[in-house]
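Q: Need a 3D model of the sequence below.
(2 chains, ligands or ions: 2)
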Amino acid sequence: MDLLAFARGPALTFATAIFVAGTLWRLVGVLALPPWRDLSPAREGAPPNWLGAIETVFRKMIPHKTFLKAGMFTTVNGYVFHIGLALCVFAFAPHILFLKSLFGFSWPGLPNGFIFGVGALTAASLVAALAYRLTSPVLKLISRADDYVSWLLTFLPVVTGLAAASHIGARYEMLLALHVLSICAFLIWFPFGKLMHAFLFVFSRGATGARFRHRGAQL
Amino acid sequence: MTAKTTVSGVAFDAQGDRNDTDRRDAAMQGFVRDFARTAAIHMESCVRCGMCATACQYYVTTGDPKYTPINKLRPFEQAYHRHVGPFAPLYRLLGIKSNVSIDMLQEWEALLYDACSLCGRCTLACPMGIDISELIKEARHGMYKAGLVPDRLELMDRTTKAWGSPATPADDFSDIIREAGEENGVPVNVDLPKADYVVTTAPAELTEHTKALTDVAKILNKIGASWTYSSAGFEASNIGYINGDVELQEKMTRKMIDNAIAVGAHTLILPECGHAYGAARWEASRWYGREIPLRIIHMTEFLGEVVQSGKIKLKKIGESTSFHDPCQLVRRGGVNDAPRAVLKALGLELKELEDHGALGWCCGGGGGVVSNTRADPLRFKAFELKRKQVEDANAQHFVTACGQCRITLTLGAKHFKWDQKVESLLELVADNLQD
Ligand code: SF4
Ligand code: SF4
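A: Ligands and ions are numbered 1, 2, ... in the order given. Next up, the predicted model:
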């Protein structure tokens, strides 16, 4: 078995299994904890908890102006690499084909050249995020190994993808194999570190939303 | 009680005579018992973006990264991952998350008590919606168990256990009320066996602001309400809630609610105190164990009700004012409109502070910070923010609806020799009742 076959075959299967099992384990592990039931009467006119939760998931997409002023770089750069990653994963034609082979349905992609540009911008944005983490006194203090591991395992699929798409650095098969292996590493790490925020943000915002909106407080 | 410093020179207080391991284990138990679902979700969700730092007055005014809100939770977070989180057994097996050390707990005492007013501004800044301030309050439960609380706060805790209030023995309460009534010429009710409204107090009314005791009496008398103060359940500020002493929090909650039920009240009026609102309006049922069979409202909500329903009419002052939003009442309590409606009814033109309502800055003294004298320098630093915004608003009055905020702001003004009076919304209403 060559490296590409290994990457696409057993490696990807194993990584996906860890990703699914680990993610479920972590989500169920927290969600199964008993809640503290809030028996206080809701503020008159407060939305039901589920609605307060959903409202807040969306409300938190944009920071308040006063926080935006101080956190402009974090917010804008965060948007750039999140949207960039989503486009690279879900709007790149070869990825769509691959996902179709898994799930049986597809959607239209964006031109390869455009996605390449997006990938390059995403990589640059990730480098900027790392530079900020390494220089901001606040981020230096609060960062953990998880932040750097998660960064690396997000960055690698982007750069190996760019290399594979532009055939730079090695044989195409080799580059593709490295790309797939980097994704395997990403998937394996996903449930254990902060990459999980891709799922957790809904619950985290939602819980605070339910609490605050019950009180008639704004978020 | 002994005041000490950590290796890195941070002051901490320790209560009781226990060895380090006992203290550490007690903290762990206190931390771990609080991880209900929401706390656990929030412990799992931080992406270390640092946005919360920009919301915290202690970070913004000092620039010291250790005051980043999420950093204040480090021992709590470590305890969570080692003992509660979904991968806790794995982490323990691999030795990835070490146990919290006593040094760390001592070091963090000042971050959890001196450098957090539980204002909740960080919660609004966090893109993940993590309720950091609630977690800090829960982390204090473990610190209290470990006997690692600022001495001044522990003193209030002990006083409350002995007296039923941090301000005055319950035995003296009725005399204080009657004396205030005589002094201000207002008929007062105390210890009536039955009444529709039970009025409660916070330490501010029993010490600095005794006029507030008769201001509320004046309004209740005016609307012809059946009301009373009760020596058996007057203390609403609930120092247990602030210190992390959950047993005391529960005891004080029960005492106040049981008394109101015994009196047959339909409404319990909380004083002009922010934390009383958090402890009673939103948390009482959690500690009481069931729904509370009466209405619990803040003084400001009561004022809003009587003004908006037309039960009282007010003289128009006809000047301008700015308003300090007490964090627990407005940001964490949702009472944003009532104080503004009352100011309007007083004919005061409201000049809002640059950051106001849910986004207003804390006075800097909440969460016990104002009583914890060790934190004075930090509190005065934080005060700079408020002072600037009040000066920029350039109004003739400066009003708030929390006695503790009022004391904190007045102390700040005095410290900086700033000639700014801080007025109470209740007092303005009581002084401007139309005949
Ligand atoms: S609750 Fe307020 S004082 Fe405490 S960390 Fe958050 S912003 Fe700072
Ligand atoms: S703002 Fe929220 S997610 Fe960001 S570092 Fe603070 S607590 Fe973590």
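Q: Please make it C-alpha for all contacts and neighbour counts, starting now.
A: Noted.
Q: If I look at the residue of chain A found nearest ligand 1, what pLDDT would I see?
A: Closest residue of chain A to ligand 1, Cα to the nearest ligand atom: A:F67 (11.8 Å). A:F67 carries a pLDDT value of 95.
Q: thinking it is in contact with B:A125, fair?
A: Yes: A:F67 lies in contact with B:A125 (Cα atoms under 8 Å); the separation is 6.2 Å.
Q: Tell me how chain B divides into domains.
A: B:2-149, B:154-305, B:313-431 (automatic domain parsing).
Q: okay, these in CSV with distance to A:R205, mean neighbour count and mean pLDDT next?
A: Below are the domains of chain B laid out as CSV (distance: least, Cα to Cα, whole Å; neighbours: other Cα atoms under 10 Å in any protein chain shown; pLDDT from 0 to 100):
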stretch, distance to A:R205, mean neighbour count, mean pLDDT
domain B:2-149, 4, 21, 93
domain B:154-305, 19, 20, 95
domain B:313-431, 15, 21, 96
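Q: And these: which comes nearest ligand 2?
A: Evaluated over those, closeness to ligand 2 peaks at domain B:2-149, with 3.6 Å, by Cα to the nearest ligand atom.
Q: close to chain A, is that closest one?
A: Yes: interface with chain A: domain B:2-149 contributes B:36-38, B:40-42, B:44-51, B:53-55, B:65-66, B:68, B:70-71, B:85-87, B:124-125, B:127-131 (Cα under 8 Å from any Cα of the partner chain).
Q: can you map out the strands along the stretch 51-200 of chain B?
A: Applying DSSP state E, counting those that start in this stretch to the stretch 51-200 of chain B gives strands spanning B:197-199.
Q: And the helices in chain A, which stretches?
A: Per DSSP state H, chain A carries helices over the ranges A:3-6, A:12-31, A:49-59, A:65-70, A:72-90, A:93-103, A:112-135, A:137-142, A:145-166, A:172-189, A:197-214.
Q: Just the pLDDT at B:M1, thanks.
A: Note for B:M1: predicted pLDDT of 49.
Q: Hmm, B:V10 is touching B:E107, no?
A: Yes: using Cα under 8 Å, B:V10 is in contact with B:E107, at 6.3 Å.
Q: what residue is smack in the middle of chain A?
A: Closest residue to the average C-alpha location of chain A: A:A198 at 4.5 Å, with Cα atoms, centre = their mean.
Q: before we move on, what SS does the residue nearest in space to the middle of chain B have?
A: For chain B, the residue sitting closest to the mean C-alpha position, by Cα atoms, centre = their mean, is B:H275 at 2.7 Å. Secondary structure for B:H275, judged by DSSP: H, G, I helix; E, B strand; the rest coil, is helix.
Q: just checking, it touches B:Q328?
A: Yes: with contact defined as Cα under 8 Å, B:H275 counts as touching B:Q328 (5.9 Å).
Q: tally of neighbours for the residue of chain A found nearest ligand 2?
A: Nearest residue of chain A to ligand 2 (Cα to the nearest ligand atom) works out as A:I142 at 7.4 Å. When counting by other Cα atoms under 10 Å in any protein chain shown, one arrives at 20 neighbours for A:I142.
Q: Same check on A:A42?
A: A count of nearby residues for A:A42, using other Cα under 10 Å, gives 18.
Q: Quick one: residues contacting it.
A: A:A42 is in contact with A:H214, A:R215, A:G216, counting by Cα atoms under 8 Å, 6 or more residues apart in numbering or on different chains.
Q: give the contact list for the first one.
A: Shown here is A:H214, whose contacts under the criterion Cα under 8 Å, 6+ apart are A:A42, A:R43, A:A46, A:P47, A:P48, A:N49, A:G52.
Q: okay, now the closest residue to A:A129 other than its chain neighbours: neighbour count?
A: Distances taken as Cα to Cα, 6 or more residues apart in numbering or on different chains put A:N77 closest to A:A129, at 7.1 Å, once the chain neighbours are dropped. Residues lying near A:N77 (other Cα under 10 Å) number 17.
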